[in-house]
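1. missing the sequence, but the structure's below:
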Ligand code: WT7
């Protein structure tokens with residue numbers, strides 16, 4: 001009996017039961033039958049949830065790139081692995097075969113080696129969505145270096161804190177990048193980010209825009225020159241199952257971003273398994289996920305999950321509105337895309353365009369649609385279903401997180417009956433539970449609670465880089481014995497899950513998970529600002545937008561308010577990134593606080609939502625008098 005592919009609903013339930021009753025057998029068989037190893041593991045897993053210690057496939061030896069590339073060469077060498085669609089539709093696209101990918105990854109691996117990068121070293125990658133981004137990630141994995149991709153929209157300050165945190169000695173970037181009408185100056189941002197940082201030894205610069213950039217011969221090296229000279233083959237490093245594959249930063253509810261560390265074997269097995277089953281993948285399919293490779297969705301489904309299954313995956317450099325709002329539909333038509341995996345925020349924005357942009361394209365190649373990143377609202381779900389899928393493509397609403405590595409709750413395409421706004425059922429191996437405030441599991445259906453997982457799965461992150469204590473505190477302490485997701489959810493009468501929102505100070509804006517704390521930190525840099533609190537409020541396109549309540553210092557109170565607003569948003573753009581800019585800014589005399597000085601964000605959240613009738617328990621508030629004026633002046 002093989003467990004890799006689920007054939008129908010009955011089998012789903014069977015496999016689910018098996019994965020709970022005999023997890024060693026279930027995952028052991030999948031790992032054994034579908035991947036290549038240098039050496040088999042001697043134990044499928046070992047864990048202590050309370051300590052956040054989780055290990056899978058102990059003492060197994062492998063290299064993920066052998067599984068993504070080498071093993072396909074005999075059967076699929078000439079098959080296209082990556083289709084690259086440039087920002088400008090008149091620029092020639094690239095069709096990169098598995099053979100060609102092997103050569104590119106090997107050469108790039110040798111380039112990194114020539115710069116002294118060794119197994120275990122961290123390499124930060126700050127590149128636009130070009131093939132070199134995917135290739136560099138794989139090249140790191142090839143030589144056992146730990147990649148940490150930083151989304152190319154992040155500011156220099158965000159890069160600096162990540163580079164410092166993980167101690168990267170090499171950064172890979174480009175002279176620039178194309179995004180719609182704009183060019184982005186990646187090299188310039190990196191230069192600023194590493195000013196005075198002695199830990200960075202080399203900056204490898206890929207040519208993309210060919211615009212002149214400042215070049216420091218001591219640190220900067222042109223990628224092209226080394227690449228030309230590099231050998232076209234590379235012997236993959238032998239990795240232990242538990243050795244880190246990558247670090248990816250995600251926002252926390254407090255303080256600096258968390259560098260989530262993912263392992264090699266567990267991550268490989270579960271991204272492959274979920275890609276296969278959630279999307280009902282079939283040989284010949286053309287898979288397009290519109291995320292950026294800088295997010296976990298890009299890591300797991302544009303890259304690793306797709307290549308592990310020998311699929312063809314699309315990498316798109318541009319934006320949905322350039323050169324016009326039919327770009328996505330053009331791409332689907334042009335490459336006969338079968339799978340279109342995107343985010344609710346993108347759907348909501350596409351919906352606002354005239355339907356003729358969609359209607360003029362042939363979308364009959366589509367077979368499966370996917371949504372990820374935040375709860376999908378009903379209107380968006382129906383539009384996606386009616387106008388893009390033409391009611392014949394299942395929508396897989398996939399719930400998961402940077403921390404979980406792969407999809408956790410989702411319909412299986414063509415198998416699980418879908419229900420708008422519901423992520424439906426947990427995948428085999430995922431023991432989801434709802435917990436109440438007293439740490440009890442809420443049994444039965446038609447219930448709500450904190451979404452937790454009571455048994456480890458192979459692709460769960462292993463730690464926060466350099467801060468295991470924070471890992472334990474964030475995920476394994478609120479509900480002892482389980483992993484706490486930070487989300488609230490409800491389970492309906494048939495056991496389907498619906499994610500209802502975050503339980504912490506994280507707001508999802510345009511599908512990006514933003515911690516309000518680092519945005520407040522950025523605001524508080526302003527000399528006129530005394531204190532600030534940022535909360536989310538619903539926004540038609542972005543899902544949520546940010547509302548800042550800001551109190552000023554005495555000397556700041558006479559400043560021109562419009563100028564102040566501009567300066568504050570500029571500070572956020574500089575310190576955090578433009579995605580964190582505030583849509584609404586309200587200056588207040590003071591923020592509501594508890595006796596212990598904690599800002600009562602809950603109250604501000606209700607005000608931002610215009611829900612003024614019930615602020616919950618306000619007995620701990622020390623200054624209730626400020627609330628009425630905040631309400632009166634709300635935006
Ligand atoms: C948070 C994780 C992993 C995908 C990209 C985001 C929210 C994600 C869904 C969904 C409702 C969702 C959750 C989760 N989320 N997918 N299908 N339905 N909410 O990864 O940045 O780590 O954010 O995104 O709140 O905890 P991330």
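-> That came through fine. Here the structure is a predicted model, which is why all the values come from computation and not from measurement.

2. For the longest helix seen in the chain, enumerate the helices and strands it packs against.
-> In the chain, taking DSSP state H as the definition, the longest helix is helix 98-114. Applying 3 or more Cβ pairs under 8 Å, 6 or more residues apart in numbering; DSSP states H and E, one finds that helix 98-114 contacts helix 73-76, strand 80-85, helix 131-143, helix 223-229. The C-beta positions use only the backbone N, C-alpha and C, and glycine is treated the same way.

3. Pull out the buried positions in it.
-> Across helix 98-114, burial judged by 16 or more other Cβ atoms under 10 Å covers 98-113.

4. Tell me the one among these nearest to residue 166.
-> residue 112 (15.8 Å; Cβ to Cβ).

5. Please report how far the residue lying closest to residue 152 once chain neighbours are set aside lies from the ligand.
-> Of all residues beyond its chain neighbours, the one nearest residue 152 is residue 128 (4.9 Å), with distances taken as Cβ to Cβ, 6 or more residues apart in numbering. Using Cβ to the nearest ligand atom, to the nearest Å, we find residue 128 at a distance of 20 Å from the ligand.

6. quick one: pLDDT of residue 128?
-> Residue 128 carries a pLDDT value of 98.

7. quick one, what contacts it?
-> With contact taken as Cβ atoms under 8 Å, 6 or more residues apart in numbering, residue 128 is in contact with 152, 174, 176-179, 184, 186, 208, 317.

8. End to end on stretch 441-459, go ahead and measure it.
-> Using Cα to Cα, to the nearest Å, the end-to-end distance of stretch 441-459 comes to 24 Å.

9. Any buried residues in it, and which?
-> Residues 449-453, 455-459 are the ones in stretch 441-459 that count as buried (16+ other Cβ under 10 Å).

10. hang on, the earlier thing: average pLDDT across the longest helix of the chain?
-> For helix 98-114, the mean confidence score works out to 98.

11. residues from the stretch 151-300 of the chain in reach of the ligand?
-> 250, 296-297 (Cβ under 6 Å from any ligand atom).

12. Among these, which ones are in strands?
-> residue 250 (DSSP state E).

13. Export the residues of the stretch 151-300 of the chain next to the ligand as JSON lines, with columns for pLDDT.
-> Below are those laid out as JSON lines (pLDDT from 0 to 100):
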{"residue": "250", "pLDDT": "89"}
{"residue": "296", "pLDDT": "96"}
{"residue": "297", "pLDDT": "96"}
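
14. Most neighbours among the residues of the stretch 151-300 of the chain next to the ligand, please name it.
-> Neighbour counts for those (other Cβ atoms under 10 Å) peak at residue 296, which has 26 neighbours.

15. And it, how close does it get to residue 234?
-> Noted for residue 296: a distance of 26 Å to residue 234, by Cβ to Cβ, to the nearest Å.

16. cool, residue 40 as well?
-> Distance from residue 40 to residue 234, by Cβ to Cβ: 24 Å.

17. got it, and residue 404?
-> Taken as Cβ to Cβ, the span from residue 404 to residue 234 is 31 Å.

18. what sits against residue 391?
-> residue 385.

19. re earlier: what's the closest of the residues of the stretch 151-300 of the chain next to the ligand to residue 555?
-> residue 250 (36.9 Å).

20. and the nearest residue to that closest one once chain neighbours are set aside, what does it touch?
-> Spatial nearest neighbour of residue 250, chain neighbours left out: residue 402 (4.0 Å); criterion: Cβ to Cβ, 6+ apart. By Cβ under 8 Å, 6+ apart, residue 402 lies in contact with 248, 250, 260, 295-296, 461, 513.

21. Output the below-cut-off pLDDT ranges for the chain.
-> Scanning the chain for pLDDT under 70 picks out 252-255, 594-598, 616-620.

22. any idea how it splits into domains?
-> Using the TED database, the domain parsing of the chain gives 1-63+265-503, 510-633.

23. Can you say which of those is packed in most?
-> domain 1-63+265-503 (a mean of 19; mean count of other Cβ atoms under 10 Å).

24. if we can go back for a sec, save the helices and strands packed on helix 98-114 as a markdown table, and put in distance to residue 2 too.
-> As requested, these are exported to a markdown table (distance: least, Cβ to Cβ, whole Å):
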| stretch | distance to residue 2 |
| --- | --- |
| helix 73-76 | 19 |
| strand 80-85 | 25 |
| helix 131-143 | 26 |
| helix 223-229 | 41 |
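
25. Dump those into CSV; add mean neighbour count and distance to residue 55 as well.
-> Converted to CSV, those look like this (neighbours: other Cβ atoms under 10 Å; distance: least, Cβ to Cβ, whole Å):
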stretch, mean neighbour count, distance to residue 55
helix 73-76, 13, 31
strand 80-85, 22, 31
helix 131-143, 26, 19
helix 223-229, 14, 36
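
26. tell me which element residue 204 falls in.
-> According to DSSP states H and E, residue 204 maps onto strand 202-206.

27. before we move on, what about residue 24?
-> helix 23-34.

28. Adjacent strands (with direction) for the helix or strand just after that helix?
-> Downstream of helix 23-34, the first helix or strand assigned by DSSP H and E is strand 43-48. Looking at strand 43-48 with DSSP bridges, its paired strands and their directions are strand 53-58 (antiparallel).

29. circling back: hmm, who's touching the strand holding residue 204?
-> Contacts for strand 202-206 (Cβ under 8 Å, 6+ apart): 111-112, 115-116, 127, 130, 132, 169-175, 187, 190, 194, 213, 215-216, 219-224, 226.

30. what about burial for the residues you listed, which qualify?
-> Buried among the contacts of strand 202-206 by 16+ other Cβ under 10 Å: 111-112, 115, 127, 130, 132, 169-175, 187, 190, 194, 213, 219-221, 223, 226.

31. secondary structure class for residue 501?
-> strand (DSSP: H, G, I helix; E, B strand; the rest coil).

32. Return the residues in contact with it.
-> Going by Cβ under 8 Å, 6+ apart, residue 501 touches 375, 487-488.

33. check the residues you listed against the ligand, which are close?
-> 375, 487.

34. Next, the spatially closest residue to residue 387 that is not a sequence neighbour: phi, psi?
-> Take residue 387 and drop its neighbours on the chain: the residue closest to it by Cβ to Cβ, 6+ apart is residue 358, 5.9 Å away. Main-chain dihedrals, residue 358, degrees, to the nearest 10: phi -80, psi -50.
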